[in-house]
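> Here is a sequence with its predicted model. Questions after.
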Amino acid sequence: MTAIEVDGISRTFELRSGAFGRRRQVVTAVDSVSFQVQRGELFGLLGPNGAGKTTTIKMLISLLLPTGGGARVLGFDVVGQAKDVRRNIGYVFGGDRGLYSRLSAMDNLKYFAELYAVPHRIRDRRIAELLAVVGLEGREQERVEGYSRGMRQRLHIARGMLHSPAVLFLDEPSIGIDPVGARELRNTVKRLVETGTTVLLTTHYMFEADELCDRIAVINHGRLVVEGTPGQLKSRAGSSGILEVEVFGAVPVGATEKIAALPEVHRVGVEDRDGSQLLTIGTAKGADLEADVLACLDGAPVARIHTRPPTLEDAYVEIIEAS
Ligand SMILES: Nc1ncnc2c1ncn2[C@@H]1O[C@H](COP(=O)(O)OP(=O)(O)OP(=O)(O)O)[C@@H](O)[C@H]1O
């Protein structure tokens with residue numbers, strides 16, 4: 001059964017500038033985007049800054065009106081049945097604003113349960129269940145001001161789930177959270193999906209998307225570029241292998257261009273490391289380019305060179321660069 005059905009949804013913003021706001025500019029934030037999320041699925045929406053992810057989510061949770069197309073969440077129209085949509089969904093935006101830091105986690109949850117009209121007879125059980133799901137049981141009496149960012153974000157998720165929504169929207173939940181906290185957060189998201197919640201997630205962390213998502217849509221400049229499972233995205237990207245070369249100091253001038261011009265090379269990325277540069281070379285299937293690449297480097301000291309299969313991040317970079 002379909003949980004989220006997005007049908008050519010669009011959103012433009014009108015910007016006014018100049019004297020008396022006479023100069024008008026129309027920005028298309030989301031441009032005819034369509035996708036479907038099935039019940040129980042964990043669906044990832046990926047894209048660079050400004051791609052239109054948050055605008056899409058805001059329309060799906062009926063915080064923002066579409067200027068074209070439409071969408072249904074759990075069968076409810078996001079415009080015509082906005083109240084029903086809001087009653088049946090939860091959402092959590094990244095960052096840790098919105099909790100009462102002088103109160104304990106328990107008092108925060110009780111307060112929000114009141115606000116969301118969670119019936120009293122089930123409130124305490126629901127809070128206990130959620131504290132277990134987000135891994136904060138035993139810490140609920142502590143004031144939120146002493147919580148780490150990751151703990152606050154998990155508390156936000158518990159808040160967003162108080163009214164037992166069938167669909168949860170998570171917009172960059174792991175932003176600014178350290179690796180251990182981010183792992184805890186991923187476990188929380190996994191547990192939510194295990195309990196049957198449909199999750200739509202945006203993230204800039206590709207390994208997170210790879211680990212969590214059943215399916216992914218990539219959007220760029222407001223348009224949906226590609227959709228599929230993480231495995232499909234990896235195999236759909238042009239490169240079948242990644243040749244990584246770490247060069248001590250800096251890559252010689254002109255070498256990157258020479259490598260990019262080699263047959264069977266799809267793309268070359270250069271990343272600054274501490275005291276070295278890492279070349280990430282996307283290659284065609286079965287290509288053996290080590291000798292050619294070393295020749296292009298013209299004797300520059302190489303710390304390591306090896307071939308590995310493409311990650312979701314490699315595929316994502318190729319997809320975005322090509323779109
Ligand atoms: N209220 C607004 N008024 C004008 N332009 C807006 C408004 N909200 C968003 N935009 C523009 O719409 C585009 C999409 O923004 P959006 O926030 O949806 O991107 P995003 O993919 O969520 O980016 P990020 O990863 O940085 O959060 C951007 O160009 C943004 O400047």
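Sure thing, it's come through.
> mind listing the helices in the stretch 201-323 of the chain by residue range?
Assigned by DSSP state H, counting those that start in this stretch, the helices in the stretch 201-323 of the chain fall at 206-212, 230-236, 255-260, 290-297, 312-322.
> Can you say which of the ones you listed is nearest to the ligand?
Among the helices of the stretch 201-323 of the chain, the nearest to the ligand by C-beta to the nearest ligand atom is helix 312-322 (11.9 Å). C-beta coordinates here come from the backbone N, C-alpha and C atoms, glycine included.
> mind putting the helices of the stretch 201-323 of the chain in JSON lines, mean neighbour count and distance to the ligand included?
Below are the helices of the stretch 201-323 of the chain laid out as JSON lines (neighbours: other C-beta atoms under 10 Å; distance: least, C-beta to the nearest ligand atom, whole Å):
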{"stretch": "helix 206-212", "mean neighbour count": "19", "distance to the ligand": "13"}
{"stretch": "helix 230-236", "mean neighbour count": "17", "distance to the ligand": "18"}
{"stretch": "helix 255-260", "mean neighbour count": "17", "distance to the ligand": "28"}
{"stretch": "helix 290-297", "mean neighbour count": "17", "distance to the ligand": "33"}
{"stretch": "helix 312-322", "mean neighbour count": "20", "distance to the ligand": "12"}
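> between the ones you listed, which gets nearest to Thr12?
The minimum distance between Thr12 and the helices of the stretch 201-323 of the chain falls on helix 312-322, with 22.3 Å, by C-beta to C-beta.
> Packing partners of the closest one?
Counting contacts by 3 or more C-beta pairs under 8 Å, 6 or more residues apart in numbering; DSSP states H and E, helix 312-322 is packed against helix 206-212, strand 215-220, strand 223-228, helix 230-236, strand 265-273, strand 276-283.
> And the helices in the stretch 51-200 of the chain?
Using DSSP H, counting those that start in this stretch, helices in the stretch 51-200 of the chain cover 53-60, 82-88, 105-115, 120-133, 149-160, 179-194.
> Using JSON lines, please lay out those together with distance to Gly68 and mean pLDDT.
Shown next, in JSON lines, are the helices of the stretch 51-200 of the chain (distance: least, C-beta to C-beta, whole Å; pLDDT from 0 to 100):
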{"stretch": "helix 53-60", "distance to Gly68": "10", "mean pLDDT": "96"}
{"stretch": "helix 82-88", "distance to Gly68": "17", "mean pLDDT": "94"}
{"stretch": "helix 105-115", "distance to Gly68": "33", "mean pLDDT": "95"}
{"stretch": "helix 120-133", "distance to Gly68": "37", "mean pLDDT": "92"}
{"stretch": "helix 149-160", "distance to Gly68": "28", "mean pLDDT": "91"}
{"stretch": "helix 179-194", "distance to Gly68": "31", "mean pLDDT": "89"}
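> would JSON lines of the helices and strands packed on helix 312-322 with mean pLDDT be doable?
JSON lines is the format used below for those (pLDDT from 0 to 100):
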{"stretch": "helix 206-212", "mean pLDDT": "94"}
{"stretch": "strand 215-220", "mean pLDDT": "97"}
{"stretch": "strand 223-228", "mean pLDDT": "96"}
{"stretch": "helix 230-236", "mean pLDDT": "89"}
{"stretch": "strand 265-273", "mean pLDDT": "92"}
{"stretch": "strand 276-283", "mean pLDDT": "94"}
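> So which of the helices of the stretch 51-200 of the chain is nearest the ligand?
Checking these against the ligand by C-beta to the nearest ligand atom gives helix 53-60 as the closest, at 3.2 Å.
> Okay, Ala237 and Met1: tell me how far apart.
31 Å (C-beta to C-beta, to the nearest Å).
> The two: which is more packed in?
Counted by other C-beta atoms under 10 Å, Ala237 and Met1 do not tie: Ala237 has more neighbours, with 21 against 8.
> Tell me the pLDDT of the residue lying closest to that one once chain neighbours are set aside.
Distances taken as C-beta to C-beta, 6 or more residues apart in numbering put Ala315 closest to Ala237, at 3.7 Å, once the chain neighbours are dropped. Looking at Ala315, its pLDDT reads 91.
> Confirm for me that Ala315 is in contact with Gly231.
No: assessed by C-beta atoms under 8 Å, Ala315 is found out of contact with Gly231, at 9.8 Å.
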